[in-house]
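Novice: Okay, sequence plus prediction incoming.
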Amino acid sequence: MAPASAILFMSATSPRPHSRGIDYLIGGGESIALNLGTGLGTSVNEIVQAIELVSKKHVRIEYGPRREGDPPELVADNALAKATLSWEPRSNLTSIVESAWKWHTRSIPHAKGRA
């Protein structure tokens, strides 16, 4: 039996898929990496807008040239998580940022009220 900590999940979404991952491992499933993202592409500008909406703070942006080697688009594939865990994403960008902002402002005292 694989230890529950052997599976890697990367997400700011609901804990339900994490529980399903533990059940999967306890049931003898192979230790694998799964992406629990929405499967939808999100631009940096869309993320900044969501942060500003949730935090009610302005985010100062400095534009610069694209770095060498940066891909023009990068979207995580959540198909393996869907198939392995019988899971569908339930969060959207705003709810993900809200969850992260709440955690950040509760967990890091100097961060309260700062963007």
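Specialist: Arrived safely.
Novice: Residue 89 contacts residue 39, correct?
Specialist: Yes - contact criterion CB atoms under 8 Å: residue 89 and residue 39 qualify, at 6.6 Å. Backbone N, C-alpha and C define where each C-beta goes, glycine included.
Novice: which residue sits closest to residue 89 in space, ignoring its chain neighbours?
Specialist: Nearest non-adjacent residue to residue 89, counting by CB to CB, 6 or more residues apart in numbering: residue 38, 4.7 Å away.
Novice: Just the pLDDT at the one you found, thanks.
Specialist: Listed pLDDT for residue 38 reads 84.
Novice: for it, what are its contacts?
Specialist: Applying CB atoms under 8 Å, 6 or more residues apart in numbering, we find residue 38 in contact with 13, 78, 89, 91-93.
Novice: just to revisit the earlier point, residue 89 and residue 39: which has the busier surroundings?
Specialist: residue 89 (18 against 15; other CB atoms under 10 Å).
Novice: how near is that one to residue 34?
Specialist: Distance, residue 89 to residue 34, using CB to CB, to the nearest Å: 12 Å.
Novice: Would you map the helices across this structure?
Specialist: Counting by DSSP state H, residue ranges of the helices within the chain are 16-26, 44-55, 79-85, 93-107.
Novice: Looking at those helices, spot the one closest to residue 71.
Specialist: helix 44-55 (12.9 Å; CB to CB).
Novice: and that closest one with helix 93-107, angle?
Specialist: Put simply, helix 44-55 runs at 50 degrees to helix 93-107, going by axes from the mean of the first three to the mean of the last three CA atoms, to 10 degrees.
Novice: I'd like to check what contacts helix 44-55. Which residues are they?
Specialist: Outside helix 44-55, the residues touching it (CB under 8 Å, 6+ apart) are 57-59, 61, 93-94, 97-98, 101, 115.
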